[in-house]
Structures are given as C-alpha cells and as structure tokens.
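sharing a sequence plus its predicted fold:
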Amino acid sequence: MLLVFSSMFFKINLRYNSFVINRIAFAFQNYSLKMTLLKALLKITNSKILQYICSMLFSSILGQDYIKNHLLKSALTGRIPHAQLFVGPEGSGTLAMAIAYAQFVLCLNQDQENTGGNENCNLKFQSLTHPDLHFVYPNVTNEDVKTKPKSADFIADWREFVLNNPYASLFDWYKHLGVQNKQGEIRVEDAQDILKSLALKSFEGGYKIMIVWMADKMNIAASNKLLKLLEEPPEKTLFLLITENEEDIIQTIRSRCQVLNFSALPEAVIKKELIEKYFLDDASASKVAHQAQGNYNKALHIVKNDTTDFPFEKWFVAWVRAAFSAKKNASAIQDLILWSEEIASLGREGQKQFLNYCIEMFRQALLQNYETKKLVYLEPSAENFSIQKFSPFVNGNNINAIFNELSDAIYHIERNGNAKIILTDLSIKLTRLIHKN
C-alpha cells in the first residue's frame, strides 16, 4: 500500500514539475540555460523511491524489443540456457536487461512484465538485495580494501551506482569508486566467490543467477576458474555475462555461451524518453539524441551537464593547436610536453577515455571533410574552433596513421607504460601527421 501511494504521489509531482519546467523553459531560447534549469529540477525530483519502483520493469528498458521477447519466451517456456553473453555498446541497456531478466526468472513473474509473481521477491529487486542474485564487476584496491579486492567488498557502492543509472558506463563506475592511477579488473578472488556462492542451495528454491558485468575485464586466472564452472554448472544456475568487447573474452568461454547482440538505440527512442522523463522540448531532445549516437548514458550526461570533471574538448583543442604550430615554432614543443604532463596526471582510465575521445574527434573531422555532414554530431564550444575549420587537416593521407598512433597509445597505457613518455611521443608524431596532405 505504501509503495502504491508513493508511486501515485511522485507521478503527480512529476506531472506538475513537467508543466512547470515547460512553462519556464519556454521563456529561454538559449539551449544551455534550458539545460541548467533542467539539471536543477532533476535534483528536486530525483526520488530513490521512484527509481526503486520503476527501474526493473521490462517496459522501462529502452528499445531492444527483439531481445526482450526472446528472453521472455525462453523464461516462460522453461528453456533457459545456463550461460548467456549480452554484447552491446555503452548505453544500449545490457545491464538493465540482465537485471530485469533475472527478476522475471527468480520471481516467477507473468504476462511479459515484472509483476504478478512473488511480491516479496519483486520488492527485494527494488534494492537489488535478492539473496539468489549475485554480481561480479571490475574493482580495485582503495583505502578500505588494500589487498586482494573482490566485488563483495564494494556491493553497497555497486547497488547505489546501478539504482542511480543502470545504463552507466565502466568509466562512470571507476569515477564512482574514486579510481586514480589504477585499472579495474575481475580477479581470481571473484571467481572463488562465484564458486562459493553457487555451491550453496538457492534461498527460495529456484534459480541462482550470477551477473558478470564487463566480463572482458576478467584476468586469465579468473577466466579459467569460471570456465570450469561453465563446463559443469550446478543445477538451476544461470550465468549472465555482459560485455562491450566480445573479442576480449577468451574463446573457450564465448563458445559456451548463447550470445545476444544488443544494438545502439535509435535516436527516436532516446528522444521519446528524454521528452517523457526529462521534459525536454522536441528540438532539444532531437539535438541531444543525435549527439548521443545511440548511447542513452551519453544522452543523460549531456542533459545533466555533468561532463565538466574532465574537459576533454578543451584538452583536445589545446593539443592540436600546439601540434599544428610546433612545425614552425620550436617553443610549442614545450607546450606539448606540459600538455602531456597534464593528461598523464588523470590516471590510466581517464587517459584511455580521453584518447578514445580524440579518435572520435578525428573521425568527425574526416566525415566533415568528405561532406557527410549528416553523420557529424559533435559541436565543439571552444573559442575559434569548429569541426568545419579543423576538418581540412584530417584526410585519407593521415587518418589511418593518426588512428594507429592513438590506438597504440591506448594499448601501451593499458599495459602500464609510462604515460608521460607515451603521450609526449604521440604529440610529436601528431605534429608531423597533421601537416600531411
């Protein structure tokens, strides 16, 4: 009764706020002012109760209708593969789908939705505390866990993180944990925990479900232990592995899983959700959905304007300007060295994220240069810098070399190379490549 009342109250409250935001925002023609106003409203309406009520329904998962129907059919007919691999890009809903599917299976829900089954079971999913639902995810040491970290050490952080945004990225998770110059992974300690958890009888007599988020982050020792369990799984055990990079999972594990491929979300789906849930007007929602490129998590970051922790655009513009001027001005080399030191201070995950951003900026410039303007979605706000002005310097003669150098830098950073040396070397090479026509 309390949950029903709370749901009605917050729905009314949201409808009222929707009216208010639309009336006030109508007075603002400036897009950034609208976004600032929306961000303030979201803080007011960001109710945990509302999240708990709505977050795990199949109907709340964006798009992916074919996969939803496939999973529901497998559960309703009792033909559930013991190991499934969800493969999809960031923001496509792989984790949200896995949790909704686990709830449907464990709570014996009906009618193609997470209702109508075991009510107490469904309540436990609202806080992700069901005893037969287990999670494994990348983690690192910190001040509280100094050696041999495992997922169970961070379960409270994990629940808060997922309930806040089940579409969030691995980089968001690392930021949530406060990772600095470390790289998360799934270690053998997690694999041992998996063995212990699944060796016990299920709490409610049904399935035991293990969700392994970012399974490509398993090290070799953890992969080998999990492989043995996949080959001889305990009765009524379901493994749901999630990844954005299928090729990074060892072949022997992939071959034992049923693979489900998630696609990037259509712009229309993201636009509709932004209008209904975040009260954007049609034009603003269209703009954000286009910039998100099928990534709902990216759309949320744009709407909430919470990307200022890492000013990637500012760093990129400073980098290419220094690299361009270094050919005629030797003193610009010092600017590139200082730039390398600044980026090296981010920590390895931040460095990799920034270099991936650079790859996308160069790709956008190439598309602009080749007159495929409909595919260009980035709109830099830096003074006197635009994709149109930058695009003549990115062409078929240098794009492959630029991409290879950026990819090599990411590769070496992942393997704990000296970031300052890697980034300085990359910068000097860019001074040559950016002038290659």
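That came through fine. Note that the structure is a prediction, hence the values are computed from the model and not measured.

can you tell me the number of residues neighbouring the nearest residue in space to residue 412 that is not next to it in sequence?
Leaving aside its sequence neighbours, residue 412 sits nearest to residue 422 (Cβ to Cβ, 6 or more residues apart in numbering; 5.1 Å). Placement of C-beta: from N, CA and C, glycine included. Residue 422 has 21 neighbours, counted by other Cβ atoms under 10 Å.

could you do residue 286 as well?
Neighbours of residue 286 under the rule other Cβ under 10 Å: 17.

contacting residues for the closest residue to residue 84 other than its chain neighbours?
Excluding the flanking residues, the one nearest residue 84 by Cβ to Cβ, 6+ apart is residue 258, at 4.9 Å. With contact taken as Cβ atoms under 8 Å, 6 or more residues apart in numbering, residue 258 is in contact with 81, 83-85.

now which of the residues you listed would you call buried?
Among those, those classed as buried by 16 or more other Cβ atoms under 10 Å are 83-85.

I'd like these as TSV, with pLDDT, secondary structure and distance to residue 317 appended.
Shown next, in TSV, are the buried ones among the contacts of residue 258 (pLDDT from 0 to 100; DSSP: H, G, I helix; E, B strand; the rest coil; distance: Cβ to Cβ, whole Å):
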residue	pLDDT	secondary structure	distance to residue 317
83	91	strand	46
84	94	strand	43
85	95	strand	39
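
any chance of those residues in JSON lines, with distance to residue 393 too?
Below are those laid out as JSON lines (distance: Cβ to Cβ, whole Å):
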{"residue": "83", "distance to residue 393": "48"}
{"residue": "84", "distance to residue 393": "45"}
{"residue": "85", "distance to residue 393": "41"}
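
any idea how far the residue nearest to the spatial centre of the chain is from residue 252?
Centroid-nearest residue in the chain: residue 169, 2.0 Å away (criterion: Cα atoms, centre = their mean). From residue 169 across to residue 252, the span is 27 Å (Cβ to Cβ, to the nearest Å).

hang on, the earlier thing: I figured the residue nearest to the centre of the chain hits residue 90, correct?
Yes. The pair residue 169 and residue 90 qualifies as a contact (Cβ atoms under 8 Å) at a distance of 4.8 Å.

between these two, what contacts are shared?
Common contact partners of residue 169 and residue 90 (Cβ under 8 Å, 6+ apart): residue 297.

now the farthest one out in the protein, which residue is it?
For the chain, the largest distance from the centre (Cα atoms, centre = their mean) belongs to residue 328, which lies 41.1 Å off.

picking that back up, report the contact partners of the residue nearest to the centre of the chain.
Listed by Cβ under 8 Å, 6+ apart, the contact set of residue 169 reads 90-91, 297.

in helices, which of those fall?
Here DSSP state H is the test, and the contacts of residue 169 give residue 297 as lying in helices.

select from the contacts of residue 169 the one having the most neighbours.
In terms of neighbour count, residue 91 stands highest of the contacts of residue 169 at 26 neighbours, by other Cβ under 10 Å.

shouldn't it be in contact with residue 302?
No. Counting by Cβ under 8 Å, residue 91 stays clear of residue 302, with 11.4 Å between them.

what is in contact with these two at once?
Counting by Cβ under 8 Å, 6+ apart, the shared contacts of residue 91 and residue 302 are residue 292.

kindly format the C-alpha coordinates of the strand or helix carrying residue 362 as PDB.
Assigned by DSSP states H and E, residue 362 falls within helix 348-369. Presented in PDB, the C-alpha positions along helix 348-369 are these (Å, rounded to 0.1, in the frame of the first residue of the first chain):
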ATOM      1  CA  ARG A 348      45.000   5.500 -16.600                       C
ATOM      2  CA  GLU A 349      41.300   5.100 -17.100                       C
ATOM      3  CA  GLY A 350      40.900   8.900 -17.600                       C
ATOM      4  CA  GLN A 351      43.800   8.800 -20.100                       C
ATOM      5  CA  LYS A 352      42.200   6.000 -22.100                       C
ATOM      6  CA  GLN A 353      38.800   7.700 -22.100                       C
ATOM      7  CA  PHE A 354      40.400  10.900 -23.400                       C
ATOM      8  CA  LEU A 355      42.300   9.200 -26.200                       C
ATOM      9  CA  ASN A 356      39.100   7.500 -27.300                       C
ATOM     10  CA  TYR A 357      37.500  10.900 -27.400                       C
ATOM     11  CA  CYS A 358      40.400  12.100 -29.600                       C
ATOM     12  CA  ILE A 359      39.800   9.200 -32.000                       C
ATOM     13  CA  GLU A 360      36.100  10.200 -32.300                       C
ATOM     14  CA  MET A 361      37.100  13.900 -32.900                       C
ATOM     15  CA  PHE A 362      39.400  13.000 -35.700                       C
ATOM     16  CA  ARG A 363      36.700  10.700 -37.200                       C
ATOM     17  CA  GLN A 364      34.100  13.500 -37.100                       C
ATOM     18  CA  ALA A 365      36.600  15.900 -38.800                       C
ATOM     19  CA  LEU A 366      37.200  13.300 -41.600                       C
ATOM     20  CA  LEU A 367      33.400  12.900 -42.100                       C
ATOM     21  CA  GLN A 368      33.100  16.700 -42.300                       C
ATOM     22  CA  ASN A 369      35.900  16.900 -44.800                       C
END
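
next SSE downstream of that helix?
helix 387-390.

in that next one, what's buried?
387, 390.

same check on stretch 335-344?
If you call a residue buried by 16+ other Cβ under 10 Å, then stretch 335-344 has these buried ones: 335-337, 339-340, 343-344.

Throw the residues you listed into CSV and include distance to residue 69, thanks.
Output for those, formatted as CSV (distance: Cβ to Cβ, whole Å):
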residue, distance to residue 69
335, 55
336, 53
337, 56
339, 50
340, 50
343, 45
344, 48
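
wait, which of those is closest to residue 399?
Distance ranking of those against residue 399, using Cβ to Cβ, places residue 336 first at 20.6 Å.

after the helix or strand where residue 176 lies, which helix or strand is next?
Under the criterion of DSSP H and E, residue 176 resides in helix 170-177. Sequence-wise, the next helix or strand downstream of helix 170-177 (DSSP H and E) is helix 188-199.

in that following helix, which residues are buried?
So, applying 16+ other Cβ under 10 Å, buried residues of helix 188-199: 188-191, 193-194, 197-198.

so where's the protein uncertain?
Residues of the chain meeting the criterion pLDDT under 70: 1-56, 180-181, 306-309, 437.

what about stretch 410-420, start to end distance?
One end of stretch 410-420 to the other measures 13 Å (Cα to Cα, to the nearest Å).

what's in contact with that stretch?
183, 340-341, 343-344, 348, 351-352, 355-356, 422.

can you pull out the strands in this structure?
Using DSSP state E, the strands found in the chain span residues 83-87, 133-136, 208-212, 237-243, 258-261.
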